[in-house]
Structures are given as structure tokens and as C-alpha cells.
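[1] Take this sequence and fold it.
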Amino acid sequence: MILFKNGTKEVIINRLHKQPLTIAQFAKESNLEQPTVYRHISDLSENGIIRESTGVEKGYPAEKFYELNFPVFTADDKQRFEPEIDALANALAEKIRSSLDEINAEFGKSEASHKSWCFEEISQYIVFTA
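    Got it, this is the predicted structure:
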């Protein structure tokens with residue numbers, strides 16, 4: 001399945017997973033013209049998929065390296081930390097279940113509850129912004 005029209009952006013994303021690159025480096029590796037690579041890099045950057053890398057030593061001040069704007073985990077990585085994440089998620093779920101009456105009572109005093117919201121509708125927001 002191709003996510004982007006001609007697949008070039010996918011090739012860039014897959015390559016940047018390995019290490020940050022400059023436009024010139026990617027153009028040389030892929031046999032594409034630098035203006036073509038620049039256009040794809042700009043699109044990916046504007047959409048938040050890649051970003052300028054700050055952790056690479058530049059050969060000269062104007063040089064820009066690009067990297068993915070999200071972590072990529074291998075299957076081995078996932079196996080290593082998934083049990084701890086599952087345990088944490090289960091403990092959090094149990095804490096919420098055991099405190100639900102108190103949570104709903106406090107939520108009932110909030111401004112959101114007076115605007116026809118219920119705790120279940122906003123609980124993801126509360127967890128992910130804490």
C-alpha cells in the first residue's frame with residue numbers, strides 16, 4: 001500500500017528512520033534531483049512528519065539535517081517495554097475504576113459537566129495532558 005502518490009515520501013521516511021540526512025545526501029543516494037527532494041522534504045516538514053535535526057554535527061552552518069518527528073520502535077523494542085506499559089495501563093485503569101464515584105462527584109462540580117459533558121467523554125484528554 002502506498003500512502004503518498006508516487007511513493008517518494010515513503011522512501012524518504014523509511015530512509016530517515018535509519019539516520020538523519022541532508023537534502024543533498026538523500027538526492028545522491030536516491031538518484032533524484034535536489035529540487036525534487038527539497039519539495040518532498042518541505043511537504044513532510046510542513047505536515048509535521050519530519051523536522052530539522054538538532055542532534056547532528058553540521059559540516060557547515062547552513063547545512064540542514066532532517067529526521068523523523070516521531071519515534072520508531074522495532075519489534076524487539078516493543079517486546080522489551082510492552083509488559084511494563086501494560087502493567088502501568090492496568091494499574092491506572094484499576095485506580096480509575098476504584099475511584100470512579102469520587103471522580104464523577106468532583107467532575108459534577110466542574111464547568112464542563114454543566115455543558116452536558118460527562119467524565120467518560122473527556123477522560124482521555126485528562127490522562128493525555130496530565
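
[2] remind me which residues of this structure are low pLDDT?
    Residues of the chain that meet the criterion pLDDT under 70 lie in 1-6, 123-130.

[3] Break it down into its domains, please.
    8-68, 75-129 (automatic domain parsing).

[4] want to throw those domains into a markdown table with mean neighbour count?
    Every C-beta, even on glycine, is put in place using the N, C-alpha and C of the backbone. Formatted as a markdown table, the domains of the chain follow (neighbours: other C-beta atoms under 10 Å):
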| stretch | mean neighbour count |
| --- | --- |
| domain 8-68 | 15 |
| domain 75-129 | 11 |
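
[5] now the helices for the chain?
    Under the criterion DSSP state H, the chain contains helices at 8-16, 23-30, 34-46, 75-98, 100-108, 119-129.

[6] As CSV, those helices with distance to P61 would be great.
    Shown next, in CSV, are the helices of the chain (distance: least, C-beta to C-beta, whole Å):
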stretch, distance to P61
helix 8-16, 22
helix 23-30, 15
helix 34-46, 19
helix 75-98, 34
helix 100-108, 52
helix 119-129, 37
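
[7] measure the residue nearest in space to the middle of the chain to I23 for me?
    Nearest residue to the geometric centre of the chain (C-alpha atoms, centre = their mean): F70, 3.7 Å. As judged by C-beta to C-beta, to the nearest Å, F70 and I23 stand 20 Å apart.

[8] Could you do E106 as well?
    With distances taken as C-beta to C-beta, E106 is found 52 Å from I23.

[9] and if you look at I49?
    Taking C-beta to C-beta, one finds I49 at 15 Å from I23.

[10] Could you do T74 as well?
    For T74 relative to I23 (C-beta to C-beta), the value is 27 Å.

[11] Equivalent analysis for G108, please.
    Applying C-beta to C-beta to G108 and I23 gives a distance of 55 Å.
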